[in-house]
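Colleague: what's the 3D shape of this:
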Amino acid sequence: MKPMLIFDFNGTLYDSKSGQLVPDCKQVLNKLKPQYTLILLSGSSEERKNKATELLGSYFKEMVFVSEKSEKVIWDILYKYHASPTSCTLIGDTFTEEILRGIKVGCNTIFISPNIVNNKNIPATHTFSKIKNILEVL
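Modeller: Numbers count the residues shown, from 1 in each chain. The predicted model follows:
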């Protein structure tokens with residue numbers, strides 16, 4: 001079974017301010033898709049569902065849209081794909097919604113933030129300023 005990557009959409013793969021995917025997004029997903037089970041976990045607004053599906057639907061095994069991200073949602077995804085937390089990495093740009101929940105479940109985590117790099121106060125497994133940098137550790 002392939003290891004799993006769970007990506008956040010808004011702020012991690014998509015810049016809502018510019019209305020564009022973040023730089024290198026599709027190239028990174030193309031490199032990861034053969035080696036990993038890719039899951040998108042995002043908020044459930046209709047606009048976000050439509051935008052994520054339109055721009056990135058072909059890259060993900062499943063796109064999960066929820067009103068609130070929680071440890072239960074992550075556990076449900078892991079259970080559905082018979083994956084263990086240690087074989088899963090959660091990638092996001094929000095500490096409390098993605099990184100902390102991933103840590104609580106036991107997943108590896110990658111915090112993506114253009115303004116915070118290697119901040120010791122963020123206990124993510126890795127912290128990068130750009131999505132393309134995750135290829136250094138995956």
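Colleague: correct me, but Arg48 touches Phe9?
Modeller: Yes: using C-beta atoms under 8 Å, Arg48 is in contact with Phe9, at 6.6 Å. Just so you know, the C-beta spots here come from the backbone N, C-alpha and C atoms, and that holds for glycine as well.
Colleague: which strand in this protein has the most residues?
Modeller: Assignment by DSSP state E gives strand 37-43 as the longest strand of the chain.
Colleague: what helices and strands are in contact with the following helix or strand past that one?
Modeller: Counting by DSSP states H and E, the next helix or strand C-terminal to strand 37-43 is helix 46-56. Using 3 or more C-beta pairs under 8 Å, 6 or more residues apart in numbering; DSSP states H and E, the elements in contact with helix 46-56 are strand 14-15, helix 25-32, strand 37-43, strand 62-66.
Colleague: recalculate using a threshold of 6 Å.
Modeller: Using 3 or more C-beta pairs under 6 Å, 6 or more residues apart in numbering; DSSP states H and E, no helix or strand is in contact with helix 46-56.
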